[in-house]
Each structure stands twice: as structure tokens, then as C-alpha cells.
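Asks: sequence first, then the predicted structure, then my questions.
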Amino acid sequence: MNQILTLLSDIRFIIAVGAIFVLLLIILIVTTVRARRYKSEYIELENRYQSLKQIPLSLKMNKAIAVSRVNQDTVDRVNSAQNKFDEVQSCISALTSKLADLERYISAGTLSKAGNTIKDIETSMTTTEADAKTLENMLDAILAKETAQREEVTALKNRFRALKAQAAENAPKLYFAWPLVEQKVVDTEKMFATFEEWMFSSDFDKANRELVSIKAVMAELEEMIENMPSLLEDAKGIIPNMAEVLHKDYIHNRNRGVYLKHLNVEENLNQMTESLRESLKQLKTGSILGVRETLDTMKEKLREMDQAVKQEGESFDAIQELSKESTALADEADKNAAYVKEAFAKSSSRFGFADLEEKLAEQTTHLQELEAKMPVVMDSVRNYQVPASTVVGSLKELNEQIVACNTEFKNIRTRIEAASGDEERCKKQLVKLQIVMNQMQVKIRKYKLPNISEAYEDDMRRANDYIHRLDNLMEEVPLNMQLLNGTLQEALDFIYKLYNNVNNVVGTVMMVENTIVFGNRYRSTYADIDSELTRSELSFRNGEYTQALTTAIATIEKIHPGNYESMIKENAKSAA
């Protein structure tokens, strides 16, 4: 006992025990870490193993074997793939056993065996994965045709579902051929089922032929769904309505007397009705080949015919209006021609219208020709035995010619009337000028102007000369209107200017007289006033009226600033 106690108290023993404990702890930790790492690697290998098993090698191998039964060209490749498949399956079985052993080793703690097994499994797994990938590529190459067909049929099924939905949505618009649409849908579904049967038996050639049939039927169905509504809208709605409108327009215009036989409206409508009936029969059977072209042709023809009918109606209305206008224009032209003939005979020599004689004769002959032509055109209008559109051109031409002829007569009439008007105006202006001259002479005599300058006397002589020249020009035959108008304008400007000057002189004379009379009352009182007024009187007698007025006003301003304004106002009242 003492030895044990001595041993336990020995420091070397304690150190040895501690070292052993630490060593055991390290071994435990290392073992635990290795066990965890191996377990993690096991899980990773298990996942790779499961991914390997999920590759559908068996399914693809069976399909490849089935293909080899119907396609001898693939036998060698399938046999090679079979050998590879057996190898891969054997490796997968070995991996299954090794993974089970690895799990057991890890659970039992036999880590050295577990480590060796992991290395073995990793090597086998890598080789098997590569072989499985190679085998899958071999099988995919053999089954490439099936894969392509599967992808194509998947796209066709999606497209078919969309077509069914579109057909259901447009069912009201497809009512006319709905049973046929339903039948094509059912037939297409059966074809898909047949395709799957051929694919299941790996007869890809027959499956491909079925696929071609499916695409053809779906193309027909798609064409029906897309085009049938618009075709039915045209055939059942638009075209019948257009035909009805055309028929109404035709009846309306025919009852008005419009000539429409040349359009063959009723015959064309009957033909289009029969053609429309055939198109509807064709649509009923689901065939739309050529129907769109037929319907478009009918619509275009109906538009053209209705436009032609309306054009004939418009031409008919235009004829009625043009007939009235032409008759009225012819009457107006006759009146203008008669007036011009009479006026020309009276005033030709007076105004020198010799140049109008030939033109007047030419227009008179032209008017007679047009009036002779009118009954022929009017008869074709009244009989309504030819299309109005052909007559309206002739009538428009006749109307335009009558308008042109009437315009010429009106121009001649305007020229004659203008010349006569100018003569009358000159006569009136001459009388006014004579009156103005008399007024100026009366004012000069009335106010007894003490002195008139030689310039005024010359101006008066010149004014009288204008009057005499105008009198002489008025007596000339033919009348030279250009010279007469020019001379008259000169006379008006000169005489009225002279008239204004005389009025100004008379006004100035009256103001001078009034101012001097007003200032006479201050002569005896203011000597300078007497002197200035005497000077103003002297200027007045010498004909210097402006100077006399200035001197007189300045004189009065000295006595009564501003009074001269009231004197001017009083003078204005007296003059008025």
C-alpha cells in the first residue's frame, strides 16, 4: 500500500499518466476527425452514385434495342452499346457493394479500411461516370430521330392547344363551318394518339409519316380559324350589303330616268349572287382555296358598279342644271348681242369703234352656230337613250362656249358703255368748270378788287382756254377719249386750284377792309395809327393784300391786343 502511495505521489508517475491521457485524447480527436471526413466523403460518393443511377440508361437501351429490330442499320451500334451497358451495369453493381462496405467500415470505426475503400470507390466512380456518359451519347445518337420527333411533336401539341383555344374563342364567327372545325380537332387528337403508338413501338418512320399528316391537318385548321371569320364576314355580310346598296341606287336612278342599260347591273348582280352561293358552299366544306380572291373581286366589282351608277346619276343631275344654265346663258347672250348691235350702230363713228366691227361680226356668227347646235345636244339629253356621262361632256363644252361668247359680248358692251359714260362725265365736269369760272368772275366784280395781278389775269385766260379746248374736243368725231380725259383732268386741277386762290384773295380783301374800318375810329386820336393805316391802304390799292392785312392787324394790336381774332370770326360769319 505504501508502495502504491509512493508511486502515486511520484512526479514521474503523474507526468507519465498525463502524457498517456493526452496521447489517448489526441488519438480520439484524430479518429473522430477522420471518421467525420470519411462520412462526408461517403455522402459525396453516395450523391454521385445516385446521380449515376438516375441516368436513364436502361430506358434508352431498351428503346435502342427496339429500334434495332425495325432498323437493321443500327444493329452493330446497338450491340456495341449493349456491351458497354453491361459493363456499366456491372460497375454500378460493384459500386453498390463497395458503398455498403464503406458505410459498414465507417460505422464500425475501421477507418483504415474505410480510407482504402474510399480511394477504390473514387477510382471506380470516375471510370463508371465516364463510361456512362459515353454510353448515353451512343444511345442518344441512336435515338436522335426519336428525340427530334419528340421535340417536334411537343411544339405541335402546344400549337394545337393554342388553335383549340382560338377556335373556341371564335366559335360564334365560325358557326357556318363549326361542325367541320370540330371534326378536324377530333381527327388531329386521334393522329396524336396514333403517333404515340408508333413511337412506343419505336417505328419512327411511321411516326414521322403520321407527323407529316398532323402538320397538314393543323395547317388546314389554322387557315380555317384565321381566315374563315373574315371570309364569312365578307360572304354573309359585307358583299350582300354592298349588293343591296347597289340595287337600291340602281332602282332609284333608273326610276328618275337615268340611262343605265350599258352597265348591265341586274345581269352582273345575278352572276355575283351565283358566284357567292358557290363560295359559301366551298366554305361549308372547309375549303377556302381561292375564296378570298373571288370575294375580293366581287367587292371591287360592286364598288366600281355602284360608283358608275352614282356617277351616271350625278351626270344626270349635272345635265339638268347645265341645260337650264345653257338656255339662260343663250338668252342672256342674245340680249347682249342685240344691245351691242344697236349701241354699236349708234356710237361706232362717235367713239371710233371700227376695230370692234370684225370682232362683233365674228362673235355674232359664233353665237348663231352655238344656237343651231343647242337643239341637237338638248335632244340627246331629253331622250335619255345614251349614258348621261357621255352627254354631260358635250353639254359642258357647249355651256363653256356660250359663256365665252357671252363674255365677249359683255366686254364689248362694257367698252361701249364705258365710252358713253366717259362722255357724259366729261359733259357734266365741263358744266361744273363753267360754273366755277362764273363764280370767280362774280366774286372779283362783287368785291371790286382795286387791283388784280397780271398772274391772276393770265391764270383766268388759261382757265378759259381749258374750257374752250374741252368744248372743241367734245365736238370732234370720232371722240378722242384719251386726249379728252387727259385735258379734263388738267383743267380740273388748274381751275379748282385757281378757284381756291381767288377765294383766299377775296377773304383777305374783306379782312383788310374790316380792319381798316375798325381802325378809322382811332385815327384822330393817335397819329401813328393814322400813319400805319394810311400805309395799309396804300398797299391795298397796289394789290398787296397780304402786306396790307399784316400792317393793319399789327396796328390794331397796338390798341386792342387779340381783337383781330374776333374780327376774323365776324368776317367768317359775314362770308357764310
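Replies: That came through, no problem.
Asks: every contact and neighbour count from this point should use C-alpha atoms.
Replies: OK.
Asks: what's the local residue count around Asn485?
Replies: 17 (other CA atoms under 10 Å).
Asks: report the separation between it and Ile529.
Replies: Distance check for Asn485 against Ile529: by CA to CA, to the nearest Å, it reads 55 Å.
Asks: again with Ile435
Replies: From Ile435 to Ile529 the distance is 42 Å (CA to CA).
Asks: look at these two and report which has more neighbours.
Replies: Between Ile435 and Ile529, counting by other CA under 10 Å, Ile529 is the more crowded of the two (22 against 11).
Asks: just checking, the more buried one touches Tyr522?
Replies: Yes: counting by CA atoms under 8 Å, Ile529 touches Tyr522, with 6.9 Å between them.
Asks: for Glu537, pull up the helix or strand it's in.
Replies: Following DSSP states H and E, the helix or strand that holds Glu537 is helix 527-541.
Asks: following that helix, which helix or strand shows up next?
Replies: Note on helix 527-541: by DSSP H and E, the next helix or strand toward the C-terminus is helix 545-559.
Asks: which strands and helices lie in contact with that following helix?
Replies: Counting contacts by 3 or more CA pairs under 8 Å, 6 or more residues apart in numbering; DSSP states H and E, helix 545-559 packs against helix 481-519, helix 527-541, helix 563-575.
Asks: can you rerun that using 6 Å?
Replies: For helix 545-559, the packing partners by 3 or more CA pairs under 6 Å, 6 or more residues apart in numbering; DSSP states H and E come out as helix 527-541.
Asks: contact partners of the helix it packs on?
Replies: Pro450, Arg523, Ala548, Thr551, Ala552 (CA atoms under 6 Å, 6 or more residues apart in numbering).
Asks: let's see that with 8 Å instead.
Replies: For helix 527-541, the surrounding residues in contact (CA atoms under 8 Å, 6 or more residues apart in numbering) are 450-451, 512, 516, 519-520, 522-524, 545, 547-549, 551-552, 555.
Asks: counting neighbours, which of those end up buried?
Replies: Among the contacts of helix 527-541, those scoring as buried are Val512, Ile516, Gly519, Tyr522, Tyr545, Gln547, Ala548, Leu549, Thr551, Ala552, Thr555 (criterion: 16 or more other CA atoms under 10 Å).
Asks: ok, so of these, who is nearest Lys396?
Replies: Using CA to CA, Tyr545 comes nearest to Lys396 of those, at 76.1 Å.
Asks: the closest one reaches Gly507, doesn't it?
Replies: No: checked against CA under 8 Å, the pair Tyr545 and Gly507 is beyond contact range at 10.0 Å.
Asks: give me the element Val258 is part of.
Replies: Judged by DSSP H and E, Val258 forms part of no helix or strand.
Asks: and Val258, what are its phi and psi?
Replies: phi -70, psi 130 (degrees, to the nearest 10).
Asks: what is the burial count for it?
Replies: When neighbours are counted by other CA under 10 Å, Val258 registers 23.
Asks: can you tell me how far it is from Lys396?
Replies: Val258 is 18 Å from Lys396, where distance means CA to CA.
Asks: cool, and Phe494?
Replies: If you measure Phe494 against Lys396 using CA to CA, the figure is 55 Å.
Asks: same thing with Arg292?
Replies: Relative to Lys396, Arg292 is positioned 42 Å away (CA to CA).
Asks: then Glu103?
Replies: 114 Å.
Asks: and the buried ones among the contacts of helix 527-541, which two are furthest apart?
Replies: The most widely separated members of the buried ones among the contacts of helix 527-541 are Tyr522 and Tyr545, with 21.7 Å between them, by CA to CA.
Asks: helices or strands up against the helix or strand encompassing Met272?
Replies: Assigned by DSSP H and E, Met272 belongs to helix 265-284. Judged by 3+ CA pairs under 8 Å, 6+ apart, helix 265-284 is in contact with helix 239-255, helix 291-351.
Asks: lowest average pLDDT across those?
Replies: For those, mean pLDDT drops lowest on helix 291-351, to a mean of 71.
Asks: contact partners for Lys299?
Replies: Going by CA under 8 Å, 6+ apart, Lys299 touches Ile239, Met242.
Asks: please redo it, this time with the cut-off set to 10 Å
Replies: Shown in contact with Lys299 (CA atoms under 10 Å, 6 or more residues apart in numbering): Asp234, Ala235, Ile238, Ile239, Pro240, Met242, Ala243, Met272, Glu293, Met305.
Asks: that one and Ile238, how far apart?
Replies: Distance of Lys299 to Ile238, given as CA to CA: 8 Å.
Asks: what's the answer for Ile121, then?
Replies: Distance from Ile121 to Ile238, by CA to CA: 80 Å.
Asks: same check, this time on Lys164
Replies: 27 Å.
Asks: got it, and Thr128?
Replies: In terms of CA to CA, Thr128 sits 72 Å off from Ile238.
Asks: compare the two and say which is more crowded by neighbours.
Replies: Shown here are Thr128 and Ile238; by other CA under 10 Å, Thr128 has more neighbours (21 against 16).
Asks: that one contacts Ser90, correct?
Replies: Yes: the pair Thr128 and Ser90 passes the contact test of CA atoms under 10 Å, sitting 9.5 Å apart.
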